[in-house]
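Asker: next comes the sequence, and after it the predicted model I'd like to discuss.
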Amino acid sequence: MRYIFLFVLLISTQLVVAQQRAGEDTVYYRSAPIPRHLLPIERAGGTIYFYGGKRLSSPYSLEVPFYELNDPTVTHHFRTFRTLRTLSQLTSLATLAYLVFSPGRGRDGAYWIVYGSSIAASLTMSVIGNRQVNKAVTRYNELLLQTRIGLATPIVPLTGQPAIGAGAAWSF
């Protein structure tokens with residue numbers, strides 16, 4: 001009896017999760033169009049980015065175009081970058097914490113182990129975080145390159161009547 005109850009509980013949980021995930025899935029289609037005012041992001045080197053021909057001061061400046069695009073993959077990569085960068089900065093404090101919490105020991109062998117491992121962990125997290133930003137920029141630019149198809153009905157100035165028109169735009 002317990003196994004049947006457990007089985008029914010697992011199946012119903014799976015169905016609920018699958019329905020929620022299906023509503024959030026935008027891999028195959030976008031319900032909202034990509035805003036026209038968004039510009040591609042250019043990369044020059046490792047962490048130097050240009051948006052609209054202007055150099056950005058840091059990768060954190062990319063937050064506005066990423067969130068305006070409203071793509072879950074881009075948002076996930078950028079949030080991962082922010083988390084890793086914060087953890088990288090917090091790991092740098094490990095040496096200071098060691099000195100504060102063990103005042104009589106000075107700079108012995110354990111100090112250098114803590115110092116070296118905090119530097120290694122901080123650098124590793126920074127590199128992985130920068131890779132996440134690069135993945136977000138790549139996905140962002142791919143989404144901007146997609147074909148845009150639209151239908152317009154502008155008013156003709158001479159007659160005041162609407163004129164129906166269709167169009168497609170390719171970016172390259």
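Answerer: Sure, I can see it. Numbers count the residues shown, from 1 in each chain.
Asker: what's the first helix or strand after the helix or strand bottoming out on mean pLDDT in the chain?
Answerer: Sorting the helices and strands of the chain by mean pLDDT, DSSP states H and E puts helix 2-24 at the bottom, at a mean of 62. Heading C-terminal from helix 2-24, the first helix or strand you meet, by DSSP states H and E, is strand 41-43.
Asker: contacts for that following strand next, please.
Answerer: With CB atoms under 8 Å, 6 or more residues apart in numbering as the test, strand 41-43 has contacts from 49, 50, 51, 62, 65, 134, 137, 140, 141. To be clear about C-beta, it is placed using only N, CA and C from the backbone, and glycine gets the same treatment.
Asker: what about the fifth one, how many neighbours?
Answerer: By that I understand residue 65. If you count neighbours by other CB atoms under 10 Å, residue 65 ends up with 21.
Asker: all helices of this structure, in order?
Answerer: All helices of the chain, identified by DSSP state H, fall at 2-24, 63-69, 72-91, 94-101, 109-144.
Asker: of all the ones you listed, which lies closest to residue 164?
Answerer: helix 109-144 (27.0 Å; CB to CB).
Asker: now the closest one: average pLDDT?
Answerer: If you average the pLDDT over helix 109-144, you get 90.
Asker: report the buried residues of that helix.
Answerer: Neighbour-count burial for helix 109-144, counted by 16 or more other CB atoms under 10 Å, picks out 114, 118, 121-122, 125-126, 129-130, 132-137, 139-140, 144.
Asker: again with stretch 83-94
Answerer: Neighbour-count burial for stretch 83-94, counted by 16+ other CB under 10 Å, picks out 84, 85, 87, 88, 91, 94.
Asker: would you turn those residues into CSV with distance to residue 109 and pLDDT?
Answerer: Formatted as CSV, these follow (distance: CB to CB, whole Å; pLDDT from 0 to 100):
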residue, distance to residue 109, pLDDT
84, 29, 94
85, 30, 93
87, 26, 92
88, 25, 91
91, 20, 89
94, 16, 81
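Asker: pick out whichever of those sits closest to residue 76.
Answerer: The shortest approach to residue 76 among these belongs to residue 84, at 12.5 Å (CB to CB).
Asker: much appreciated, bye for now.
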